[in-house]
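Participant: I'd like to go over a predicted model; first the sequence, then the structure.
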Amino acid sequence: MPIDAAKALAAGPRTGEISWTPKDVQLYHLGLGAGVPATDPGELRYTLESRLHVLPSFATVAGAGSPGVISGLSMPGVDVDLARVLHGGQSLVVHRPIPVRGTATTTDRIAAVYDKGTAAVLVMRTEVTDADGPLWTGEARIFVRGEGGPGALAPGEGGDEEPGVVA
């Protein structure tokens, strides 16, 4: 099942809407172990609704929808066997504090495709904005075993970001 790098990179972005509530934020924080010990005033801001602050890493699960990695594997030009997929890395830039309650628009696209010889790496970029502007930008690196090597990624040219860059 090939990756067509040119098609994947040329595809228009996919947009969607996500929303979250204070309950979602609290459950995430409790799952991480925030709020312990419960008597620590500094920890109460992660569990007490009246003082709730949002940890920046909440952005990776906000909206409780399909993770960006999964949606990236259904983009145009990407037809891969899920059994050959590995989550290779993730980065997150939070542009301003995440509100405790929110609705936002997500925009996903394949930002780059790298040929690593025995694997291809897809870079999925997600930009999230609300009515007040950008909230966060995330990138996930998705390794697809067996998709790299000479002629494996069609069509493609060398790039300058990293050895084996197709785009």
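Facilitator: Okay, I see it.
Participant: tell me how far the residue in the chain sticking out farthest from the centre lies from residue 136.
Facilitator: Here the chain reaches farthest from its C-alpha mean at residue 39, the gap being 34.3 Å by C-alpha atoms, centre = their mean. Applying C-beta to C-beta, to the nearest Å, the value for residue 39 to residue 136 is 32 Å. C-beta: built from backbone N, CA, C; applies to glycine.
Participant: which of the three states applies to the residue farthest from the centre of the chain?
Facilitator: coil (DSSP: H, G, I helix; E, B strand; the rest coil).
Participant: right, and the helix or strand after the helix ranked longest in the chain?
Facilitator: For the chain, the helix that runs over the most residues, judged by DSSP state H, is helix 22-32. On the C-terminal side of helix 22-32, the closest following helix or strand by DSSP states H and E is helix 41-44.
Participant: what is the mean pLDDT for that next one?
Facilitator: The average pLDDT within helix 41-44 is 86.
Participant: which SSE is immediately downstream of the lowest-mean-pLDDT helix or strand in the chain?
Facilitator: Sorting the helices and strands of the chain by mean pLDDT, DSSP states H and E puts helix 68-72 at the bottom, at a mean of 65. Counting by DSSP H and E, the next helix or strand C-terminal to helix 68-72 is strand 85-94.
Participant: got a list of contacts for stretch 28-38?
Facilitator: Outside stretch 28-38, the residues that touch it by C-beta atoms under 8 Å, 6 or more residues apart in numbering are 43, 44, 46, 47, 55, 57, 58, 61.
Participant: ends of it, what's the gap?
Facilitator: Using C-alpha to C-alpha, to the nearest Å, the end-to-end distance of stretch 28-38 comes to 16 Å.
Participant: next one: that stretch to chain centre, how far?
Facilitator: 23 Å (C-alpha atoms, centre = their mean, to the nearest Å).
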